[in-house]
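In: got a structure for you, letters missing:
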Ligand SMILES: Cc1cc2nc3c(=O)[nH]c(=O)nc-3n(C[C@H](O)[C@H](O)[C@H](O)COP(=O)(O)O)c2cc1C
């Protein structure tokens with residue numbers, strides 16, 4: 001198992017930091033679903049900006065399951081050291097340095113993956129941060145700035161010499177962004193030349209792919225990002241496959257509903273209802289997509305009729321995205337899952353049109369009418385009723 005300083009991870013799967021995705025509720029969920037380490041969304045090294053609401057949400061949180069890894073991004077060695085110290089004061093147990101982010105906003109300030117162009121500066125930053133704190137410092141890089149400037153091996157050696165305790169590599173250059181094949185060759189090359197743990201990252205979206213990557217690169221663990229969106233249980237599936245060769249069955253309808261509802265409630269609690277409801281929308285959309293992908297792959301033998309009896313995720317998404325209250329979102333998720341015909345609830349929606357003849361869609365709309373009626377009885381819920389009536393009318397009209 002991967003050891004980072006005093007922390008021995010209980011899984012071979014690390015959740016990638018993803019700005020706008022890996023907030024505290026999602027990190028907690030992924031830890032419970034089998035990730036051994038989760039990394040916070042990057043936070044700027046400019047601590048003067050930490051008072052903003054966005055930065056506050058991204059800080060270390062003492063309620064988080066240990067070890068708490070906080071990612072910092074910046075290009076000034078002194079500021080990076082100060083940010084690391086401040087992160088420790090806030091409860092960080094591992095500091096991760098971002099040299100992998102391709103975002104223009106970040107690279108314009110010569111931070112993120114842009115740093116890889118300046119190896120001297122990389123060494124100064126890493127040394128400065130490692131010297132500043134007593135906790136493990138880790139690094140996340142790409143394979144280089146561009147295809148003709150691949151220097152991941154040099155950067156990895158600098159990192160090891162500076163005292164970095166683990167290195168995650170997204171196997172693409174900055175110029176490649178998220179396009180093209182991942183260069184697992186480069187990750188393998190890096191792994192063969194340094195002694196610190198290497199975590200392989202990029203396009204790993206199944207237990208089988210994870211095993212292939214581990215075998216090919218000899219990496220100590222794997223990091224997954226986008227594949228965990230709407231599918232946090234993939235962490236457990238991958239970990240179990242890597243450890244025991246066991247294929248864990250994907251969660252059943254009831255389990256997915258439970259996980260999703262817990263996720264939504266954690267969002268409402270962490271952000272507040274107003275923001276939580278908005279953030280919930282993208283996660284719900286990912287859950288629906290991940291279920292759709294799974295079902296398509298599993299449902300070759302299903303008849304077209306079977307598909308047509310399922311409620312269209314598209315119709316549901318349109319409806320859900322207009323709900324403005326936690327109570328309504330929760331009710332809608334409950335209804336959506338409860339009214340699906342069987343465990344294969346969310347199917348390919350490409351052939352499903354809301355013609356008025358679709359049984360599940362009609363049942364769903366009937367239930368929404370009931371909610372509207374229920375909420376109408378209670379004058380305290382007038383705002384909920386108004387929102388539901390408006391949504392309902394718009395979906396019917398669509
Ligand atoms: C929406 C999004 C936000 C990201 N934010 C960060 C970030 O804050 N820090 C970072 O080092 N990488 C960030 N990344 C890159 C991921 O950590 C990861 O390296 C990349 O998605 C490749 O892994 P995957 O193919 O498993 O998704 C982000 C990626 C995405 C899709």
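Out: Noted; the coordinates are in hand. These numbers were taken from a predicted model, which means no experiment stands behind them.
In: correct me, but residue 333 touches residue 257?
Out: Yes: Residue 333 is within contact range of residue 257, at 6.7 Å (criterion: Cβ atoms under 8 Å). Every residue, glycine included, has its C-beta placed from N, CA and C.
In: The two: which is more packed in?
Out: residue 333 (22 against 19; other Cβ atoms under 10 Å).
In: Quick check: mean pLDDT of the helix or strand the more buried one falls within?
Out: Applying DSSP states H and E as the criterion places residue 333 in helix 326-339. Per-residue pLDDT values over helix 326-339 give a mean of 91.
In: Check stretch 90-100 too.
Out: 91.
In: Over to stretch 75-85?
Out: Stretch 75-85 comes out at a mean pLDDT of 95.
In: What residues of that stretch count as buried?
Out: In terms of neighbour count (16 or more other Cβ atoms under 10 Å), stretch 75-85 has its buried residues at 75-77, 79-85.
In: Check stretch 8-21 too.
Out: 9, 11-19, 21.
In: Narrow the residues you listed to those in strands?
Out: Using DSSP state E, 13-15 are the members of the buried residues of stretch 8-21 that sit in strands.
In: residue ranges with poor pLDDT in this structure?
Out: Scanning the chain for pLDDT under 70 picks out the ranges 100-113, 175-176, 291-311, 340-398.
In: Can you report how many residues lie near the residue in it that the ligand sits nearest to?
Out: The ligand sits closest to residue 225 of the chain, with a gap of 2.8 Å, by Cβ to the nearest ligand atom. Counted by other Cβ under 10 Å, the residues lying close to residue 225 total 20.
In: What residues does the residue nearest to residue 193 when sequence neighbours are not counted make contact with?
Out: In space, and not counting its chain neighbours, residue 193 is closest to residue 153: 5.7 Å by Cβ to Cβ, 6 or more residues apart in numbering. Residue 153 makes contact with 186, 189-190, 193, according to Cβ atoms under 8 Å, 6 or more residues apart in numbering.
In: ditto for residue 167
Out: 138-141, 156, 159-160, 190, 194, 196-199.
In: Generate JSON lines for those residues, with secondary structure and distance to residue 216 as supplementary columns.
Out: Shown next, in JSON lines, are these (DSSP: H, G, I helix; E, B strand; the rest coil; distance: Cβ to Cβ, whole Å):
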{"residue": "138", "secondary structure": "strand", "distance to residue 216": "22"}
{"residue": "139", "secondary structure": "strand", "distance to residue 216": "22"}
{"residue": "140", "secondary structure": "strand", "distance to residue 216": "20"}
{"residue": "141", "secondary structure": "strand", "distance to residue 216": "19"}
{"residue": "156", "secondary structure": "helix", "distance to residue 216": "17"}
{"residue": "159", "secondary structure": "helix", "distance to residue 216": "22"}
{"residue": "160", "secondary structure": "helix", "distance to residue 216": "21"}
{"residue": "190", "secondary structure": "helix", "distance to residue 216": "13"}
{"residue": "194", "secondary structure": "coil", "distance to residue 216": "17"}
{"residue": "196", "secondary structure": "coil", "distance to residue 216": "19"}
{"residue": "197", "secondary structure": "coil", "distance to residue 216": "17"}
{"residue": "198", "secondary structure": "strand", "distance to residue 216": "12"}
{"residue": "199", "secondary structure": "strand", "distance to residue 216": "14"}
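In: Keep only these that also lie close to the ligand.
Out: residue 140 (Cβ under 6 Å from any ligand atom).
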